[in-house]
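Trainee: sharing a model prediction with you, sequence too.
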Amino acid sequence: MEPRVLVAILSVLVLTDLTFADEESSKIKVSEKFIRSAECSGSCFKAALSEIKTKDEQIDALIKSNEALMKTQSDNEELIRTIKIENNKKNNEIINKETLINLLNKQINEKNEKLLSCLHNINKNINTTIEKEKEIQENKEEIKRRDQLLNKKDKEIQERTEQARSKDALFRDLTSHINVISQNLTKANTKLEKCDEINSCPISGKGIYHIKLSEKSALVAPCNGSGWMVIQRRMDGSVDFGRNWTEYRDGFGNLTGEFFIGLQNLHLITKSRQHELLIRLGKVDGSTAFVKYDNFRIGSEKDFYLLESVGNHTGGAGDSLNYHLNMKFSTTDRDNDLAEGSCAKWHGGGWWFRECAESCLNGGFHKDGKMKNSSSIYWGSWYNYDYSVSLTFVEMMIRPKPF
């Protein structure tokens, strides 16, 4: 049966209060309808037709409404299909977007890692830069300090230059004075043959004398007044003191200039009686000092001219000889010191070295008063053991100790 007819029948049944709930009831009601229709004659029939017409109109309206609803339902279904298709597209787009987002997140994470690495490198570079800037600042301060030091040194050099000029003038004066002394000594030498031999230097006389010695012929030696015999002199570097054992034993040099009287002579003189030792010292700046010992004595050659005694000391130069007490004499070819190497070779001359020395008056001579290559003339106690200083004047003298 068509939906339209079914709807119409249903509508008539509703409108006529037919319920189909009970078949017998329905039959009774239909019979009653026919009975009333028969009883009401023509007027009732007209009313029924009118009601049927009304019902048909209502049925047509319902059918139209149902068709509109079905059309709307169809349109809605089509819209739903369209929406589902569109929704699927959107879902696909969402999936694609999520995939893209995941890819972008992955790229972002990679970029973040690279960024963190870059930040780490940047921080490292910043720290390095800070350290470099600190180092640069320290270097600037060091350069500034060195500039100040250089300025100070320049000023000191200028002062030293002025001092050197002054010293040169003084040196020329000393040289002139030395020449006069040499001439006087030469004149004294010419008179030497006229002098009688004596046992020691005279109290009042100066010059070169023949000194009688036991076990040896007379010794020719310079006397400096007040009974002092000069046994060593350093003044201009004209004589090399880097000599061998034999030369230090026998003596060498020029009695009117630089010389050493000889270890054997010193042994013979000092063994006969007690002698004093006077040492006069001078630096390049013109300052002088002295020290005197009251019991100077050395042993024989078989004892390697051992420094047996020096006694007590007095004088502003201080004591730099007691350190060498009981030490054998050493030369460049005879190493008798306690050091691993040769002190005589290091210091440029013979002495009573230990390990090695607090004094060495036979070392290398330097006119500028500065030690060079460990070679120098020095007496440490006079200038606080500043071994960079090299003395420019030395005179060692002995005389019998008065009682």
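Mentor: Structure received.
Trainee: mind listing the strands for this protein?
Mentor: Listed in chain order, the strands of the chain (DSSP state E) span 206-213, 216-224, 229-234, 252-253, 259-260, 275-282, 288-298, 307-309, 313-314, 359-360, 378-379, 393-400.
Trainee: out of those, which one sits most buried?
Mentor: When you average the neighbours per residue for each of the strands of the chain (mean count of other Cβ atoms under 10 Å), strand 359-360 leads with a mean of 28. In this view, the C-beta of every residue, glycine as well, is placed from N, C-alpha and C.
Trainee: circling back to that earlier point, tell me which of the strands of the chain lies nearest to Glu77.
Mentor: When the strands of the chain are compared by Cβ to Cβ, strand 378-379 sits nearest Glu77, at 124.3 Å.
Trainee: by contact count, what packs against the closest one?
Mentor: With contacts defined as 3 or more Cβ pairs under 8 Å, 6 or more residues apart in numbering; DSSP states H and E, strand 378-379 has these neighbours: strand 359-360.
Trainee: give me the sheet partners of the strand it packs on and which way each runs.
Mentor: strand 378-379 (antiparallel) (DSSP bridges).
Trainee: give me the contact list for the partner strand.
Mentor: By Cβ atoms under 8 Å, 6 or more residues apart in numbering, the residues outside strand 378-379 that reach it are 279, 281, 291, 317-318, 320, 357, 359-361, 363, 371, 387, 389-391.
Trainee: give me that answer again for 7 Å
Mentor: The contact list for strand 378-379, computed with Cβ atoms under 7 Å, 6 or more residues apart in numbering, reads Leu281, Ala317, Ser320, Ser359, Cys360, Leu361, Gly363, Tyr387, Val389, Ser390, Leu391.
Trainee: just those: which has the poorest pLDDT?
Mentor: Lowest pLDDT among the contacts of strand 378-379: Tyr387, with 88.
Trainee: quick one: residues contacting that one.
Mentor: Listed by Cβ under 7 Å, 6+ apart, the contact set of Tyr387 reads Met371, Ser376, Tyr378, Gly380.
Trainee: cool, and Gln158?
Mentor: Gln158 neighbours (Cβ under 7 Å, 6+ apart): none.
Trainee: what does the pLDDT read for it?
Mentor: 82.
Trainee: possible to save the contacts of strand 378-379 as TSV with distance to Ile231?
Mentor: Shown next, in TSV, are these (distance: Cβ to Cβ, whole Å):
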residue	distance to Ile231
Leu281	15
Ala317	17
Ser320	17
Ser359	15
Cys360	16
Leu361	11
Gly363	17
Tyr387	24
Val389	23
Ser390	21
Leu391	17
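Trainee: quick check: the farthest pair among the residues you listed?
Mentor: Ala317 and Gly363 (16.1 Å).
Trainee: looking at these two, which is more packed in?
Mentor: Gly363 (28 against 21; other Cβ atoms under 10 Å).
Trainee: that one reaches Ser376, doesn't it?
Mentor: Yes: in this structure, Gly363 is within contact of Ser376 by Cβ atoms under 7 Å, at 5.0 Å.
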